[in-house]
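**Q** could you look at this predicted model? Sequence included:
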Amino acid sequence: MTAKTPADRRRNAHALPPLADADAAAIGGFLDAIWAEQGLAQQTLDSYRRDLELLARWRGGRDGGLAGADRAALFDYLAWRTREGYSPRSNARLLSALRAFYAWCLRRRLRGDDPTALLEPPKLPRALPKALPESQIDALLAAPDVATPLGLRDRAMLELMYAAGLRVSELVNLPATALNLRQGVLRVLGKGGRERLVPLGEEAQHWLERYLAQARPQLAGGRALAPLFLSAGGEAPTRQQFWQLVKRYAGAAGIDPARISPHGLRHSFATHLLNRGADLRALQMLLGHSSLSTTQIYTLVAREQLKQLHARHHPRG
């Protein structure tokens, strides 16, 4: 059987029945409740909404709709997703959304059991973050044309993301008030509404000062705008727009596009700090991880890079 492409999956999803009013109301109530209780990031809430709406449309309002689905229905839906080619990681995220939704249904007495109780999460391969060598980072950061306002903005964004280890969503959503150049720190609002202070470093501070003095006033056009980084239209660039910029600059720097990811600069930040002896606890604080186990994956990346270095250069490697 020919593997289905993302375009096939989108086309098949669009062919499903429209969302029933009762399902839309249940999903909206659940998202409002979980936002109030847990303060989840908007990106997580959007993912939960997409996952729950797709299941609800697949059910087409049958047998009590989304809130009335039993374990057999969820098994059938997961089997359909497997045939459609959804990844194990996507299905694992779906299961998180389902468990949270049906726990909310139980609390609201919309049903008397949890149909996800015996559903096992798919086994996920341990994918190591892709970090670039320092030489490629230097080439990537030097790729923008800083003689133009947008090029200067891009250089400042790339320098800041690498210097502070930011997530893409954190970078593009930074308000101008988050930056304190006098103290050389950045206030970042991360996942779950957790706030952290991150040092800038001299190079990032230099390019931010140039951007604020030379490029941002032109992009703002005299307006008092909240975002730190502005597009030509005066809006904050989106995550997708920034990712397209990174790919374009990677190509200009001679970097294989397969070697870089949307969070490539963040991963490189963490790996390079560990390679130079950074403390794991300090790195956890800089990255804004709630758990040290999340940070520890970078020790595997650093160890793998050392093994490759040994194999390339040791006479008995």
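**A** Ah, there it is.
**Q** where in the stretch 1-150 of the chain is pLDDT low?
**A** 1-3, 121-129 (pLDDT under 70).
**Q** where along this structure do the helices fall?
**A** For the chain, the helices defined by DSSP state H cover 6-14, 21-38, 42-59, 71-84, 88-107, 134-141, 149-164, 168-172, 202-210, 216-220, 239-252, 264-275, 280-287, 292-313.
**Q** residues making contact with the first one?
**A** With contact meaning Cβ atoms under 8 Å, 6 or more residues apart in numbering, helix 6-14 is reached by 4, 54, 57, 84-86. From N, CA and C alone the C-beta is placed, and that goes for glycine too.
**Q** swap in the fifth one?
**A** The contact list for helix 88-107 (Cβ under 8 Å, 6+ apart) reads 26-27, 29-30, 33-34, 47-48, 51-52, 55, 66-67, 74, 78, 81-82, 86, 111-116, 119, 121-125.
**Q** make a PyMOL selection of the buried ones in those.
**A** To isolate the buried ones among the contacts of helix 88-107 in PyMOL, judged by 16 or more other Cβ atoms under 10 Å, type:
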select buried, resi 26+27+30+34+47+48+51+52+55+66+67+74+78+81+86+115+116+119+122
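**Q** hang on, the earlier thing: include distance to residue 179 when you put the helices of the chain into JSON lines, please.
**A** Shown next, in JSON lines, are the helices of the chain (distance: least, Cβ to Cβ, whole Å):
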{"stretch": "helix 6-14", "distance to residue 179": "37"}
{"stretch": "helix 21-38", "distance to residue 179": "27"}
{"stretch": "helix 42-59", "distance to residue 179": "22"}
{"stretch": "helix 71-84", "distance to residue 179": "43"}
{"stretch": "helix 88-107", "distance to residue 179": "33"}
{"stretch": "helix 134-141", "distance to residue 179": "19"}
{"stretch": "helix 149-164", "distance to residue 179": "9"}
{"stretch": "helix 168-172", "distance to residue 179": "12"}
{"stretch": "helix 202-210", "distance to residue 179": "7"}
{"stretch": "helix 216-220", "distance to residue 179": "11"}
{"stretch": "helix 239-252", "distance to residue 179": "17"}
{"stretch": "helix 264-275", "distance to residue 179": "18"}
{"stretch": "helix 280-287", "distance to residue 179": "17"}
{"stretch": "helix 292-313", "distance to residue 179": "25"}
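**Q** closest one to residue 189 among these?
**A** With Cβ to Cβ as the measure, helix 168-172 is the member of the helices of the chain nearest residue 189 (7.2 Å).
**Q** quick one: list the elements packing against the closest one.
**A** Here helix 168-172 is seen to pack against helix 149-164, helix 239-252 when contacts are counted using 3 or more Cβ pairs under 8 Å, 6 or more residues apart in numbering; DSSP states H and E.
**Q** what sits up against that helix?
**A** By Cβ under 8 Å, 6+ apart, the residues outside helix 168-172 that reach it are 41, 43, 157, 160-161, 188-190, 229, 236-239, 241-243, 262-263, 266, 288.
**Q** and it, how far out from the chain middle?
**A** Relative to its parent chain, helix 168-172 has a centroid offset of 9 Å by Cα atoms, centre = their mean, to the nearest Å.
**Q** over to stretch 136-150?
**A** Centre-to-centre, stretch 136-150 and its host chain are 23 Å apart (Cα atoms, centre = their mean).
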